[in-house]
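Visitor: Sharing a model that was predicted from the sequence below.
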Amino acid sequence: GENVEQHPSTLSVQEGDSAVIKCTYSDSASNYFPWYKQELGKRPQLIIDIRSNVGEKKDQRIAVTLNKTAKHFSLHITETQPEDSAVYFCAASIRYSSASKIIFGSGTRLSIRP
Amino acid sequence: DVKVTQSSRYLVKRTGEKVFLECVQDMDHENMFWYRQDPGLGLRLIYFSYDVKMKEKGDIPEGYSVSREKKERFSLILESASTNQTSMYLCASSLRGGLFFGEGSRLTVL
């Protein structure tokens, strides 16, 4: 069936270094790929998204890349800061009947070491 | 700002009870979703709805049903709660794209 795989499940980086989280998806018709950040005890919040007609999108220290041929997309966080510590989820849209459903990866727990 | 409100933050129910989880959004979004979140499993889609009275099964619909009688309200129903339904339940809405989540309802079934 349709699925989204996410790696790694945990990631620890030194403050100031970069962090990369990778995801693959199975449905070649997927055309929307959002990323969510969930801080402890809080709801997931959208931090960046990309549509299939572009290959890269940046927003300050965060960037997302998409390789449609290989069916994978990645989140890049540069100059990491303590407030970047959270669980990050990738997701992909799956077209279904008259609507699209959003399927999530299993999450990456990112820890920033001071 | 989009507001998605879930009626109960914490619930404790007994095995076999019927459970209602309510979700209301205030932005006239067409699409609404129910997910459950368990450690190490991410967010798994239970049901979603793209219009009033329209519903589609997600990846784990067994043991659940939903109701969408009004555009702003999407209810999740556990007909007969079981211990393996102990989880965090997240409601979300969207127009075309990113999801806006409620704060979640943590359900414990004893």
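Guide: Sure thing, it's come through.
Visitor: Show me what from chain A comes close to chain B.
Guide: By the rule Cβ under 8 Å from any Cβ of the partner chain, the part of chain A lying against chain B is A:1, A:6, A:9, A:32, A:34, A:36, A:42-46, A:49, A:89, A:96-107. (Each C-beta comes from the backbone N, C-alpha and C, glycine too.)
Visitor: Contacts only, for the residue of chain B found nearest chain A.
Guide: Among the residues of chain B, residue B:50 lies nearest to chain A; the distance is 3.4 Å by Cβ to the nearest Cβ. By Cβ atoms under 8 Å, 6 or more residues apart in numbering or on different chains, the contact list for residue B:50 reads A:98-99, B:30-31, B:56.
Visitor: On the three-state scheme, it is what?
Guide: strand (DSSP: H, G, I helix; E, B strand; the rest coil).
Visitor: Now tell me what touches the worst-scoring helix or strand of chain A on mean pLDDT from outside.
Guide: Across the helices and strands of chain A, mean pLDDT, DSSP states H and E gives its lowest value to strand A:99-104, namely a mean of 86. With contacts defined as Cβ under 8 Å, 6+ apart, strand A:99-104 is touched by A:2-4, A:25, A:32, A:34, A:36, A:89-94, B:31, B:33, B:35, B:42-45, B:48, B:50, B:56, B:58-59, B:94, B:99.
Visitor: same thing but 7 Å
Guide: Strand A:99-104 is contacted by residues A:2-4, A:89, A:91-94, B:31, B:33, B:42-43, B:45, B:48, B:50, B:56, B:58, B:99 when judged by Cβ atoms under 7 Å, 6 or more residues apart in numbering or on different chains.
Visitor: thought residue B:33 was touching residue B:46?
Guide: No: in this structure residue B:33 lies outside contact range of residue B:46 using Cβ atoms under 7 Å: 8.2 Å.
Visitor: Between the two, which is the more surrounded one?
Guide: Higher neighbour count among residue B:33 and residue B:46: residue B:33, with 26 against 23, using other Cβ atoms under 10 Å in any protein chain shown.
Visitor: Look at that one and report its pLDDT.
Guide: If you check residue B:33, the pLDDT there is 96.
Visitor: State the phi and psi torsions of residue A:9.
Guide: As for residue A:9, its main-chain torsions (degrees, to the nearest 10) stand at phi -80, psi -30.
Visitor: and the host helix or strand of residue B:106, C-alpha only, in PDB?
Guide: Using DSSP states H and E, residue B:106 sits in strand B:105-109. In PDB, the C-alpha atoms belonging to strand B:105-109 read as follows (Å, rounded to 0.1, in the frame of the first residue of the first chain):
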ATOM      1  CA  SER B 105      -7.300  14.200  22.900                       C
ATOM      2  CA  ARG B 106      -5.500  11.700  25.100                       C
ATOM      3  CA  LEU B 107      -7.800   8.700  25.500                       C
ATOM      4  CA  THR B 108      -7.100   6.000  28.100                       C
ATOM      5  CA  VAL B 109      -9.200   2.800  28.000                       C
END
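Visitor: Please name the residues that touch the closest residue in space to residue B:92 that isn't next to it in sequence.
Guide: With Cβ to Cβ, 6 or more residues apart in numbering or on different chains as the criterion, residue B:92 has its nearest non-adjacent residue at 4.0 Å, and that residue is residue B:99. Each residue near residue B:99 by Cβ under 7 Å, 6+ apart is listed here: A:46, A:102, B:33, B:92.
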